[in-house]
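Q: Pasting the sequence and the predicted coordinates here, then a few questions.
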Amino acid sequence: MERKNYALVTGGSRGIGRAICIALARDLNYPVLINYQSNAEAAEETKAIITANGGQAELIRFDVSNPAETREQLTEWKDRHPHGLIEVIVNNAGITRDGLFMWMEPDDWNQVVQTSLNGFYHVTKFLIQDLLRHRYGRIINVTSVSGAKGTAGQTNYSAAKAGLIGATKALAQEVAKRNITVNAVAPGFVETDMTSELDEKELKKLIPLNRFGKAEEVADLVCFLASRKASYITGEVIHINGGIYS
């Protein structure tokens with residue numbers, strides 16, 4: 001039986017993750033695995049959008065911060081898809097627990113690092129052997145402008161996202177000979193649930209393009225990096241922030 005190639009998007013039920021799932025299915029014709037942790041309704045909505053447009057999608061529920069759960073669910077998926085290969089991995093899952101460092105509780109630090117940074121490790125480590133054997137793959141990590149320049153009130157999030165940038169650059173060098181690229185995209189202010197509480201009118205003044213980005217614009221960049229057109233780009237952090245930091 002012929003091998004079938006898939007794309008996995010962690011945190012794929014809403015916001016930027018949802019837009020990436022839709023774009024990968026539409027533009028690159030990947031059957032998409034939509035990972036989510038708790039919001040089954042949102043994940044089903046994402047799947048419905050993809051299938052309504054003629055694409056293929058499956059839901060896969062696990063918490064990327066939990067190594068045993070991640071391993072268990074991905075193993076189960078592989079058992080059910082003996083001829084399937086996840087050749088595109090988009091590490092998008094992340095959470096915020098904002099607050100000034102001097103008052104930051106250990107749990108707020110640990111949860112953010114465990115999801116954004118360790119989640120990358122848990123998912124990618126499990127799947128990378130298949131990519132190395134296959135001699136092809138695309139790993140795309142969604143970091144943040146906070147990981148590049150640091151953001152006050154987000155020491156935990158900035159640390160986790162900066163760690164993801166370092167991991168991207170190092171892993172890219174390790175796997176390049178096997179035709180696997182590893183890149184990061186670093187969004188600035190993008191219209192999603194995560195930024196809905198922010199004062200958009202005030203913050204727009206800081207952005208040279210004078211607007212928040214759209215999740216679809218980030219998704220288009222991820223799609224490019226996931227495509228064959230980006231074969232000579234690896235170890236890069238591509239900023240998509242309207243000029244707020246470059």
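A: Cool, got the structure.

Q: How about residues contacting stretch 149-165?
A: Around stretch 149-165, the neighbours that count as contacts under Cβ atoms under 8 Å, 6 or more residues apart in numbering are 91, 94, 96-101, 104, 108-109, 112-113, 115-117, 120, 141, 143-148, 184, 186, 237, 245. (Each C-beta comes from the backbone N, C-alpha and C, glycine too.)

Q: Can you turn the buried part of those residues into a PyMOL selection?
A: Typed into PyMOL, the line below selects the buried ones among those, using 16 or more other Cβ atoms under 10 Å:
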select buried, resi 91+94+96+97+104+108+109+112+113+115+116+117+120+141+143+144+145+146+147+148+184+186+237
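
Q: Sort out for me which of the contacts of stretch 149-165 are in strands.
A: Applying DSSP state E to those, the entries found in strands are Asn91, Asn141, Ala184, Ala186, Val237.

Q: Format the residues you listed as TSV; extra columns: pLDDT.
A: Written out in TSV, the entries for these read as follows (pLDDT from 0 to 100):
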residue	pLDDT
Asn91	98
Asn141	98
Ala184	98
Ala186	97
Val237	98
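
Q: Kindly reformat the residues you listed as CSV containing distance to Trp77.
A: As requested, the ones in strands among the contacts of stretch 149-165 are arranged in CSV below (distance: Cβ to Cβ, whole Å):
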residue, distance to Trp77
Asn91, 17
Asn141, 21
Ala184, 25
Ala186, 29
Val237, 29
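
Q: which of those residues lies closest to Gln56?
A: For these, the minimum distance to Gln56 (Cβ to Cβ) is 21.3 Å, reached by Asn91.

Q: residues touching His241, list them.
A: No His there; residue 241 is Asn. Val145, Ala186, Pro187, Gly188, Phe189, Ile207, Gly213.

Q: Any chance of TSV for the residues you listed, columns distance to Gln73?
A: As requested, those are arranged in TSV below (distance: Cβ to Cβ, whole Å):
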residue	distance to Gln73
Val145	31
Ala186	28
Pro187	27
Gly188	32
Phe189	32
Ile207	38
Gly213	31
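
Q: Skipping adjacent residues, who's closest to Phe126 in space?
A: With Cβ to Cβ, 6 or more residues apart in numbering as the criterion, Phe126 has its nearest non-adjacent residue at 5.3 Å, and that residue is Leu74.

Q: State whether that neighbour is indeed within a helix.
A: Yes - when the secondary structure is assigned by DSSP: H, G, I helix; E, B strand; the rest coil, Leu74 falls within a helix.

Q: Which stretches in the chain count as strands?
A: Ranges of strands in the chain, per DSSP E, are 4-9, 32-36, 57-61, 84-91, 137-142, 180-187, 237-240.

Q: What separation is there between the most centrally placed residue in the chain and Lys47?
A: With distances taken as Cα atoms, centre = their mean, the chain has Asn92 as the residue nearest its mean C-alpha position (1.9 Å). Relative to Lys47, Asn92 is positioned 16 Å away (Cβ to Cβ, to the nearest Å).

Q: ok so, going back, please name the residues that touch the residue nearest to Phe126.
A: Applying Cβ under 8 Å, 6+ apart, we find Leu74 in contact with Ile60, Phe62, Val123, Phe126, Leu127.

Q: do Leu127 as well
A: If you count contacts by Cβ under 8 Å, 6+ apart, Leu127 has them with Leu8, Leu74, Ile86, Ile89.

Q: now swap in Ile233 and tell me
A: Going by Cβ under 8 Å, 6+ apart, Ile233 touches Thr181, Asn183, Leu225.

Q: Now restrict the residues you listed to buried residues only.
A: The neighbour-count test (16+ other Cβ under 10 Å) marks Thr181, Asn183, Leu225 as buried among these.

Q: Identify the residue spatially nearest to the first one, adjacent ones excluded.
A: With Cβ to Cβ, 6+ apart as the measure, Thr234 is the residue that lies nearest to Thr181, at 4.0 Å, once sequence neighbours are left out.
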